[in-house]
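Colleague: test case, fold it:
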Amino acid sequence: MTHCVACQTEIKEGIFKDGRGPYCCEKCYFRDRFLGGVMDKMEAIYLAIIEALVDAVDAKEHEVGNHSYRVTQLAMVLAQEMEIKGRELVDLYCGSILHDIGKIGIPDSILTKHENLSSEEWEIMKRHPEIGYRIVSHIGYFKNAAEIIYSHHEHYDGTGYPRGLKGDEIVLGARIFSVCDTLDALTVERPYRNALSFEDAKRFILNQSGKIFDPHVVDCFVDVEIKLMEFSGKIVYY
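Modeller: Below you'll find the model as predicted:
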């Protein structure tokens, strides 16, 4: 009997293999591909637990499938371009993959509604960043990730929610995540609209540089757009 090199689960035979050893599943392979070398066993256990929580959220929002994993993968690609490493990279991973955890506290009637939300329903939906922050912020390991969760709908010009932060008041991880979240949201088919092409999504992101998005992050997005295009709309494993 051997163990998955990412989560330490006992396995008879690794499904996915590379130079580091066997993995029990695609998620462990993906996680270790980006975060290998900066995790110990305890960190791997934390990450396995949060991924179970994320599966619960994605199951509620079944129409977007693996959104949390897709957007996290995009964030990892962009973070590598920006030379983010070590614990800061782990915090971005955790904040990205847990960004919608607060939707656990949103009624299904609102969360899965295919029509436009009423103003009252929208105000309830807008509470999910704060709910997510409250769920994880008391866990010391997730302190920095919690701030990404809290800030992932803030806009660079201060017009976002829930706190109306602007510029560098928004943590860098949230500014990176915002670009990747928008890219995924625009390029994946939804019940209420067709998916946009990568070029159309890119055009929107460029147009909103300095408004919704941090201009520096947008510049880095452009620098790595070929790789982001490869990952956009799907989870890719090698």
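Colleague: only C-alpha atoms from now on, for both contacts and neighbour counts.
Modeller: Will do.
Colleague: in the chain, where is pLDDT below threshold?
Modeller: The chain contains residues with pLDDT under 70 at 1, 7-8, 12-21, 36-44, 61-65, 191-192, 233-238.
Colleague: switch to 50 and redo it
Modeller: 236-238 (pLDDT under 50).
Colleague: let me see the domain layout of it.
Modeller: 1-37, 49-231 (automatic domain parsing).
Colleague: need those domains in TSV (columns: mean neighbour count).
Modeller: Listed next are these as TSV, based on neighbours: other Cα atoms under 10 Å:
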stretch	mean neighbour count
domain 1-37	17
domain 49-231	19
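Colleague: just want the most central residue of this protein.
Modeller: residue 96 (2.9 Å; Cα atoms, centre = their mean).
Colleague: so which strand or helix has that one?
Modeller: helix 86-97 (DSSP states H and E).
Colleague: what's the spacing between that helix and its chain's center?
Modeller: 9 Å (Cα atoms, centre = their mean, to the nearest Å).
Colleague: and stretch 78-97, how far out from the chain middle?
Modeller: With Cα atoms, centre = their mean, you get 10 Å for stretch 78-97.
Colleague: then it to CSV, C-alphas only?
Modeller: Included here for stretch 78-97 are C-alpha records, laid out as CSV according to Å, rounded to 0.1, in the frame of the first residue of the first chain:
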residue,chain,number,x,y,z
LEU,A,78,-1.6,34.3,-13.8
ALA,A,79,0.1,34.2,-10.4
GLN,A,80,3.0,32.3,-11.9
GLU,A,81,3.4,35.0,-14.5
MET,A,82,3.5,37.5,-11.7
GLU,A,83,6.1,35.4,-9.8
ILE,A,84,3.9,34.9,-6.8
LYS,A,85,5.4,32.0,-4.8
GLY,A,86,5.4,30.2,-1.4
ARG,A,87,2.7,30.9,1.2
GLU,A,88,1.3,33.8,-0.8
LEU,A,89,0.6,31.3,-3.7
VAL,A,90,-1.1,28.9,-1.2
ASP,A,91,-3.2,31.8,0.1
LEU,A,92,-4.3,32.7,-3.4
TYR,A,93,-5.1,29.1,-4.1
CYS,A,94,-7.2,28.8,-0.9
GLY,A,95,-9.0,32.2,-1.4
SER,A,96,-9.7,31.4,-5.1
ILE,A,97,-11.1,27.9,-4.5
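Colleague: quick one: the strands in the chain?
Modeller: Under the criterion DSSP state E, the chain carries strands at the ranges 2-3, 10-11, 16-18, 21-23.
Colleague: if we can go back for a sec, surely the residue nearest to the centre of the chain touches residue 148?
Modeller: Yes: judged on Cα atoms under 8 Å, residue 96 makes contact with residue 148 at a distance of 7.4 Å.
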